[in-house]
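Trainee: Fold the following for me, if possible:
(one chain, ligands or ions: 1)
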Amino acid sequence: MNQFLKEVLSDLSQTPKCLNSKYFYDETGDRIFQQIMDCPEYYPTNCEMEIFRENSTELATALKNGFSDFDLIELGAGDATKSSYLLKELIEMKADFTYMPIDISSSMIEYLDEHLPQDIPGLRVHGLNGEYFEMLKKANQISSKRKVVLMLGGNIGNESPENAVAFCRQIRETLNSGDLVLVGFDLKKHPRTILAAYNDAAGFTREFNLNLLHRINKELGGNFNVSDFEHYPCYDPGSGACKSYLISRTNQKVYIGDRHFEFQEHEVIYMEISQKYSIAQTEEMAVETGFKPIQHFFDHKKWFLDTVWQC
Ligand code: AVJ
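Mentor: Okay, here's the model as predicted:
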C-alpha cells in the first residue's frame, strides 16, 4: 500500500480525525500555495523575502563561514525564490558549493533542476525528491562535505512544538560538529494579523485545505463530497498555535477505496498547525536540541526570524 494511502487511513481513524498538511502539495496545491503567498494578508513570505533581499551578503558570509567547500541543503525548497538571493550572492563570492533542494513535490524538483542553473550561471544543483530525512541521508551518501541546511518559510511551524524539538534533534543527528542550519520562524505578533493570514478574504487558504480532499478522491479512490466540509482556521495567542480544521456540515459517510469513515455533523478533521514562536522560545529550542544560536536576521517589522544555528 502506498505511504499516502496508509497515512490517510490511519489519520482518519484517529480521534479527532486528522490529515497531514505535507500532502497539501500536489501540483494543484503548489499552485494554490503560490496564490496564498500573493495574498495581501499572508505576510510570512514577504517578511522572509525582505530578510533575504536586504541581508543577502551578511547571510552568505555567515553561512559560508570561512569553509572552502560545502553542500547547501534546503528542506522544502518550493520554487526557491528566497534562497535564490543567497545562491546568487554565494556564486558572486565564488563559494564552492552544491545546492541540494529537497522537496516532497516532484514537479518542484524537476523545475529547480532544469531552471536554476540557467537563472544562476555556475550554480551546481542536485535536486532530491522525497521526505526530508530519507533525502538528508541520501545527501550524506552523495557527499561528505560540510553541510549547511536551510529550513525556511516557517516550515518548522507545521510541526507541534513537541514534534519540532524531536525534528531538530533528528536534524542534528544527521549533521557534524561545526555544520550550520538556517531556520525560519514565524514570530508571535498581533493575533488578528496572524489569523487573517490563514483566513484570506479571497478564500485561497480554504481551497488549499479542501484540495487535499480532492486529492484523496483523485489518487486514493475517495468519494468526499468536498462542499460538505467547511474550512475553520483559528489562532490561540496563548500557545501560539494557529490551526486549521475542516468541519463536516452534516452526518455523512465517506469511502476511500473499500474503507469508509463516518462523520457526525460538526465533527472536525484537524488539517494543519502553523506554530508561532517568541525569539526566546527559538533560542531555547536551539539549545535543547544540540545547537548554538549564533546570529539572528529579522525583517524591519520583526515579524519573522531567520536564525543561524551551529552544531
Ligand atoms: C508553507 C508551512 C510556511 O504554515 O504558513 C500557508 C503553509 N498553510 N497557509 C504556513 C500554509 C496555510 C505555510 N508554510
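Trainee: avg pLDDT for the helix of greatest length in the chain?
Mentor: Using DSSP state H to define each element, the chain has its longest helix at helix 204-220. Helix 204-220 carries an average pLDDT of 98.
Trainee: and that helix, anywhere near the ligand?
Mentor: Yes: Helix 204-220 comes into contact with the ligand (Cβ under 6 Å from any ligand atom), by way of 205, 208. Every residue, glycine included, has its C-beta placed from N, CA and C.
Trainee: in the stretch 201-311 of the chain, which ranges drop under the pLDDT threshold?
Mentor: Scanning the stretch 201-311 of the chain for pLDDT under 70 picks out no residues.
Trainee: can you give me the helices for it?
Mentor: 204-220, 279-288 (DSSP state H, counting those that start in this stretch).
Trainee: Can you add mean neighbour count and distance to residue 52 and give the ones you listed back as CSV?
Mentor: Listed next are the helices of the stretch 201-311 of the chain as CSV, based on neighbours: other Cβ atoms under 10 Å; distance: least, Cβ to Cβ, whole Å:
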stretch, mean neighbour count, distance to residue 52
helix 204-220, 20, 23
helix 279-288, 16, 18
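Trainee: So which of those is nearest residue 164?
Mentor: The minimum distance between residue 164 and the helices of the stretch 201-311 of the chain falls on helix 279-288, with 6.7 Å, by Cβ to Cβ.
Trainee: Residue of the chain nearest the ligand, please.
Mentor: residue 274 (3.4 Å; Cβ to the nearest ligand atom).
Trainee: That residue reaches residue 156, doesn't it?
Mentor: No: using Cβ atoms under 8 Å, residue 274 is not in contact with residue 156, being 10.0 Å away.
Trainee: picking up where we left off before, chain center to the longest helix of the chain, what's the gap?
Mentor: 18 Å (Cα atoms, centre = their mean, to the nearest Å).
Trainee: what bridges to the residue lying closest to residue 146 once chain neighbours are set aside?
Mentor: Spatially, and ignoring its direct neighbours in sequence, residue 146 is nearest to residue 70 (4.3 Å; Cβ to Cβ, 6 or more residues apart in numbering). On the basis of DSSP bridges, residue 70 is bridged to residue 97, residue 146.
Trainee: go on, the one 4 residues further on?
Mentor: The partner list for residue 74 in beta bridges (DSSP bridges) reads residue 101, residue 150.
Trainee: Could you pull up the residues touching it?
Mentor: By Cβ atoms under 8 Å, 6 or more residues apart in numbering, residue 74 lies in contact with 80, 83, 99-102, 149-152.
Trainee: Tell me, how many residues neighbour the residue of the chain closest to the ligand?
Mentor: Using other Cβ atoms under 10 Å, residue 274 has 21 neighbouring residues.
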